[in-house]
Each structure stands twice: as structure tokens, then as C-alpha cells.
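> generate coordinates for the sequence data below:
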Amino acid sequence: MFLKFPCLYLHSIKSPRLLLFGNNTKIKMKQRILNKSADMFLSYGFKSVTMDDIANEMGISKKTIYKYFSNKIELVDASTKSVQETIDNAINEIQQENFNAIEENFAIKTVFKNMFKKAKTSPMFQLKKYYPKTYTKLMEHEVCTFSDCVMGNLIKGIKNKLYREDVDKEMVMKFYFTLVFGAYESNIFSHKMEDIIKTELKILEYHTRAIATTHGISVLEQELINYKKNQS
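Predicted coordinates for the structure are as follows:
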């Protein structure tokens, strides 16, 4: 749906800059809604936050939100995709840095911790329960992204002699995936985000110790010390 600006429409041929300004304004408003929605969904839960809540928080009418998103399901879907893209971009930036494989994993963990620090409970568990179609699309994306990320990290770690050469990379990737996403979804673990973050650290340590060389273990120990220092 397009914003209706009669003046911009009448003068669009003579004044293309005005039309461009109108489009930019529309894009900015849509992004503002996405940013605020994502923040509120993560902070208070996908089920709890209403369109009225978002409109009130932004100081706009609910009708304005409906110009860009026809219903809450569409907004949840778009917000989830926006968060995904933010995380993907952050991971890509980390992978361009001169980190070794173990440092890279801890840097990525920090990204997730910062992204979900306001969340009270697991966003993935909420999506699976209340918005299963969005959850399915999320998981389809995450399987590919996670697989590529872990496989690249394993190759780097083996090359730098931090991980053993004899590890079965495909199997290790599947094990790690099961552990990480199980922490977000399974009823075995607490769904409180604070607890999940602690569990994730234990999973990362478990994963690394299982495949690391002696040198890799020493690097891991230092990263654990650094991580805990940064939390205090």
C-alpha cells in the first residue's frame, strides 16, 4: 500500500525529488515501526504486545501501522525477519575480522546476548507456540545460516590447529545445532532468557572442548576468562 500524497502525485513529473522524498519518508516510517515492534516483542513477548501498544509507544495512530502491515501476524513476521537480518549482518562483520575460530564464536555469542538482553523469555519458544508459520520460516533460514557459519568456523579452526583434524565436521555441526536450538525450544531448559544465555555459554564450552586441540583448549580457557570479566 502506498501513502497518498496528492501534491506529490500532481507534481511528480516536474519534481521527481518530491516523489523521492515521499518514498524515503515511507521507508523510514516502516523501518521505525519494525524497529520499535521488534524491540517491544523481544522485551515483552510476541503474544503480549498489541498493535495499540506499539502505536502508543511510538506516538502514532494504529491506522498508520496498518498502512504498512495489514495485521499483527504480518508485523511479527516482518519484525522477525528484520532481527534476522541484523544478526546476519553482525555475524558477517565478525567473520571479516581477524579473529581465530574460538574468538569468533565468543564474538558471535556476544552479539546474540546483546540482541536478546531485553527479552524475558525465549523468542523462538514464543514464536513456535503462538506464530508457528513465522517460526517455520525462521527455522528454514536459521538451518542454512547456522550450518554455513559453523562449517566455516570448523574449517578455520582446523586450519589454525585449534580444532582436531579428525573431527567429523558435518556431525559436529548437527550436534551443535541440536544443542543450541534445543536451549531455546525445549522444555528441558528454562525459557527465561537470562538462563538461556548462561546455558548457551555452557553449550559453547562443551562444543569447543569436544573438538579442540591442546592449544585450542588453552585459547578457550582464556576466552572464558575474558567473557566472564566483561560480564562483571
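> quick one: stretch 159-172 to chain centroid distance?
Stretch 159-172 has its C-alpha centroid displaced from the chain centroid by 26 Å (Cα atoms, centre = their mean, to the nearest Å).
> now it: buried residues?
162-163, 167, 169, 172 (16 or more other Cβ atoms under 10 Å). For the C-beta atoms, the positions are set from N, CA and C on the backbone; glycine is no exception.
> restrict it to CA atoms and write it as PDB.
Taking Å, rounded to 0.1, in the frame of the first residue of the first chain, the C-alpha atoms of stretch 159-172 are listed here in PDB:
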ATOM      1  CA  LYS A 159      43.400 -24.800   9.700                       C
ATOM      2  CA  ASN A 160      44.600 -22.800  12.700                       C
ATOM      3  CA  LYS A 161      45.200 -26.000  14.700                       C
ATOM      4  CA  LEU A 162      42.600 -25.000  17.300                       C
ATOM      5  CA  TYR A 163      40.300 -27.900  16.400                       C
ATOM      6  CA  ARG A 164      41.400 -31.500  15.700                       C
ATOM      7  CA  GLU A 165      41.800 -32.600  12.100                       C
ATOM      8  CA  ASP A 166      39.900 -35.800  12.600                       C
ATOM      9  CA  VAL A 167      36.600 -34.200  13.600                       C
ATOM     10  CA  ASP A 168      33.600 -35.100  11.600                       C
ATOM     11  CA  LYS A 169      32.500 -31.600  10.600                       C
ATOM     12  CA  GLU A 170      29.100 -32.500   9.400                       C
ATOM     13  CA  MET A 171      28.200 -34.400  12.500                       C
ATOM     14  CA  VAL A 172      29.700 -31.800  14.800                       C
END
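> residues in contact with that stretch?
Stretch 159-172 has contacts (Cβ atoms under 8 Å, 6 or more residues apart in numbering) with 100-102, 150-151, 154-155, 157-158, 207, 210-213, 215-216, 219.
> and those, which are buried?
Using 16+ other Cβ under 10 Å, the buried members of these are 100-102, 150, 154, 157-158, 207, 211-213, 216, 219.
> now whichever strand or helix holds T80: buried residues?
Using DSSP states H and E, T80 maps to helix 72-96. For helix 72-96, the neighbour count (16+ other Cβ under 10 Å) marks 72, 75-81, 83, 87, 90-91, 94 as buried.
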